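Asker: Take this sequence and fold it.
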Amino acid sequence: MDKARLALDTFEEIANHLSADNDYAALSSLSLTSSALVEPCRKHIFQAIVLHDDGTPSAYEMFNQVLAQSPRVGTYVQRIRLLFHNFKESDSVHFHSILDHVTKPIVLRIAPFASQNGVIGPWSNLPIGFREGVNRILRYPTLSYLWFDRMRLIPVSILARANSVRDLRLTTSTLRPAGPSTPLPVPSARPPLLSFVIENSIAFSNSCGPTDNGDVTYTCVARAFPFDLTRLIDLEVDVNYNVANQVQGLIDRCKNTLETLCFHINGAGVVSLNDLPKLQLVQVVVTPPSFLVPPGTRGTHSTFFDIMKTLDTKCPLQHGIIIEAKFPAIYFQRIPADIWTRLDNLLVALGRKVSINTSAADENWMTLLPKSDKRGILAVVNVTIV
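Answerer: I've put the predicted structure just below:
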């Protein structure tokens, strides 16, 4: 190998490390050292782009100018994040011009701009140029990951256009059922969804008023959904009395393939984890408001124990159980002693490796679980949870 080739390979390796550290300023500087390094550095710099409509000129206009000078840059884009705030007609022109060059994205995330409080939508109220641009991206055969963040009333018919998506995430978002005149594709005729997240949709729905009925998103999934859910590997859901039946139905549909299950407990409502032959990891996310209810009443802790009791001891669970407790330290001192006893007995009965991730700064509460700790089946990880 000649010295020039060796030097280029070395610089490309450096570019790979800088990309892994998200050091885009260093990548830009490296690209100036040699014309041979311009394209390798650009592949990393433009692998992920953020388009927003805040400021003048907008990011749409600026990136469109980059593409006008270097059209090849569009082929490097794999991840697109759209931050919505005040989308204008001029942004629409630039958006569609960008999509003439960016034709192979893998990831799409749509969210409000950082300075915008609240959520986006309803979808039908968004500018038509923005909606048409999103529709173009959804049809790209390379798109495999789709994330809606804080969006109201996303039509199920929109999701039907995402033929290649294998990973769908709905965070603090709600769906709107398809109308009777809107045909949806037959799910079994499409490649299956492998990962599905519905996070915080219930609490969000309930805060939005009657038009976003609390279980509308789960009802959409249960009744008319354009994805095949029978081969899900990863599932993350809310658990609440409003949606327990729909969540149970969702788990049952993918029970033969499900490997990772995460559920956010935000109220009473029980689902069964029995008969899940490939389950490797269970993650439980609990928060204090409904956990710390008076003794004798049903709340998060009752829901947690009722669900965990259904866990089949025959499940592989090679990666164990993670309990993510989003508690300030003071809450641990308020938890009734009988809850700790029940948790200790449950962990011993399951005989599984369990870790508790908590934001509590005070580690004294860990001594409340001496049995499990001594048996070596409990590990406590003190982390900062945001």
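Asker: how far away is residue 89 from residue 95?
Answerer: Distance, residue 89 to residue 95, by C-beta to C-beta, to the nearest Å: 10 Å. In this view, the C-beta of every residue, glycine as well, is placed from N, C-alpha and C.
Asker: any residues in contact with both of those two?
Answerer: Counting by C-beta atoms under 8 Å, 6 or more residues apart in numbering, the contacts common to residue 89 and residue 95 are residue 129.
Asker: More neighbours: which of these two?
Answerer: Between residue 89 and residue 95, residue 95 has the larger neighbour count (other C-beta atoms under 10 Å), namely 26 against 9.
Asker: Not counting sequence-adjacent ones, nearest residue to that one?
Answerer: Spatial nearest neighbour of residue 95, chain neighbours left out: residue 133 (4.4 Å); criterion: C-beta to C-beta, 6 or more residues apart in numbering.
Asker: Alpha carbons of the helix or strand hosting the one you found, in PDB - could you do that?
Answerer: Element membership for residue 133 (DSSP states H and E) is helix 128-138. The C-alpha coordinates for helix 128-138 follow below in PDB (Å, rounded to 0.1, in the frame of the first residue of the first chain):
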ATOM      1  CA  ILE A 128     -50.300  21.600   3.600                       C
ATOM      2  CA  GLY A 129     -46.700  22.000   2.400                       C
ATOM      3  CA  PHE A 130     -45.400  20.500   5.600                       C
ATOM      4  CA  ARG A 131     -47.800  17.600   5.500                       C
ATOM      5  CA  GLU A 132     -47.100  16.900   1.800                       C
ATOM      6  CA  GLY A 133     -43.300  16.900   2.500                       C
ATOM      7  CA  VAL A 134     -43.800  14.400   5.400                       C
ATOM      8  CA  ASN A 135     -45.900  12.200   3.100                       C
ATOM      9  CA  ARG A 136     -43.100  12.100   0.600                       C
ATOM     10  CA  ILE A 137     -40.600  10.900   3.200                       C
ATOM     11  CA  LEU A 138     -43.000   8.300   4.500                       C
END
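Asker: Now it: buried residues?
Answerer: For helix 128-138, burial by neighbour count (16 or more other C-beta atoms under 10 Å) applies to 129, 130, 131, 133, 134, 136, 137, 138.
Asker: Surely the residue nearest to residue 95 touches residue 96?
Answerer: Yes - counting by C-beta atoms under 8 Å, residue 133 does reach residue 96; the two are 6.0 Å apart.
Asker: Assumed residue 51 was part of a strand.
Answerer: Yes - assessed by DSSP: H, G, I helix; E, B strand; the rest coil, residue 51 belongs to a strand.
Asker: Now for the residue nearest to it when sequence neighbours are not counted: which residues touch it?
Answerer: Leaving aside its chain neighbours, residue 51 sits nearest to residue 59 (4.9 Å; criterion: C-beta to C-beta, 6+ apart). By C-beta under 8 Å, 6+ apart, the contact set of residue 59 is 50, 51, 52, 53.
Asker: Report the beta-bridge partners for residue 321.
Answerer: residue 282, residue 354 (DSSP bridges).
Asker: quick one: pLDDT of it?
Answerer: Note on residue 321: pLDDT of 77.
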